[in-house]
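>>> what follows is a predicted protein model with its sequence.
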Amino acid sequence: MPTVLELASSRRSVRSFEERSVDLGDIIYALETARQAPSGANRQPWRFVVVTDSETKRRVREICEEVEREFHGKAPGWMKEWFRKRGIDWRKPFLEEAPALIFVFGRRTEPYWVQSVWIAVGYMLLALEERGLATVTYTPSKVGWANQLLGVPEEYVLQTILPVGYAKGAPSKPPRLPLKEIAFRERWGQPLAPG
């Protein structure tokens, strides 16, 4: 059984998926893991909608690409360059290619709802990695359409869409900053450990 650190170290963001189905039991496992996350006042403000229907996924892709085309057109120069270097553009074929999409919503009327939902997402990412599944946290720049498309009450806000499947190819993981650059002891800039 891999450790949490091993799962976190091996996880990659994936935008290209093999054409094979995913066991619903693995998705349920990830959702069961997510619901164990801590939340503000234990309000558990997360809700999930799993979509596997090809027509719905096609419609999601169409909507998201329309939103992203607008977003990429208005993005500042530095961001356009960042996208270009990473091969990211307004096209989102993974939303249709992935066997399943997990829509993650948060109830905006709850305390610390954004933080709570994203902790649950972190749990889910590791659970999917444990099951050999890949994903990316795709966050559309406009999200209100999802409520109407999926029949979600207005007090819930889409936080991310997780396309879930088996990675096509072996994506690389960008390097992580060393611990000495991000963690300090007692005050900013003081080394956490000697050496």
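Nice, I can see it. Residues are numbered from 1 along each chain as shown.

>>> every contact and neighbour count from this point should use C-alpha atoms.
Noted.

>>> name the residue closest to the centre of the protein, please.
The centroid of the chain falls nearest to residue 137 when counting by CA atoms, centre = their mean (2.0 Å).

>>> if I look at that one, how far off is residue 191?
When distance is defined by CA to CA, to the nearest Å, residue 137 is 32 Å away from residue 191.

>>> where do the strands of the chain begin and end?
For the chain, the strands defined by DSSP state E cover 46-51, 100-107, 156-164.

>>> low-scoring stretches of the chain, by residue?
Applying pLDDT under 70 to the chain flags the ranges 195.

>>> hmm, 90 instead?
For the chain, the stretches with pLDDT under 90 are 1, 86-87, 169-174, 193-195.

>>> excluding its backbone neighbours, what's nearest residue 185?
Once flanking residues are discounted, residue 185 sits nearest to residue 192: 4.5 Å by CA to CA, 6 or more residues apart in numbering.

>>> show the backbone phi and psi for that neighbour.
Main-chain torsions, residue 192, degrees, to the nearest 10: phi -70, psi -40.

>>> thinking residue 192 is in contact with residue 178, fair?
No: counting by CA atoms under 8 Å, residue 192 sits too far from residue 178 to count as a contact (11.7 Å).

>>> looking at the two, which one has more neighbours?
Taking other CA atoms under 10 Å, residue 192 and residue 178 do not tie; residue 192 has more neighbours (16 against 8).

>>> list the contacts of the residue nearest to the centre of the chain.
Applying CA atoms under 8 Å, 6 or more residues apart in numbering, one finds that residue 137 lies in contact with 13, 160-163.

>>> please apply the same query to residue 152.
Taking CA under 8 Å, 6+ apart, we find residue 152 in contact with residue 146.

>>> what is the burial count for residue 25?
By the measure other CA under 10 Å, the count of residues near residue 25 is 9.

>>> same thing with residue 76?
For residue 76, the neighbour count with other CA under 10 Å is 10.

>>> can you check which helix is longest in this protein?
For the chain, the helix with the greatest residue count under DSSP state H is helix 54-74.

>>> in terms of secondary structure, what does it contact?
helix 94-97 (3 or more CA pairs under 8 Å, 6 or more residues apart in numbering; DSSP states H and E).

>>> list of residues touching the helix it packs on?
Contacts for helix 94-97 (CA under 8 Å, 6+ apart): 15-17, 19, 54, 57-58, 60-61, 101, 163.

>>> ChimeraX command for the buried members of these?
Remark: buried members of the contacts of helix 94-97, expressed as a ChimeraX selection using 16 or more other CA atoms under 10 Å:
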select :15,16,17,57,60,61,101,163
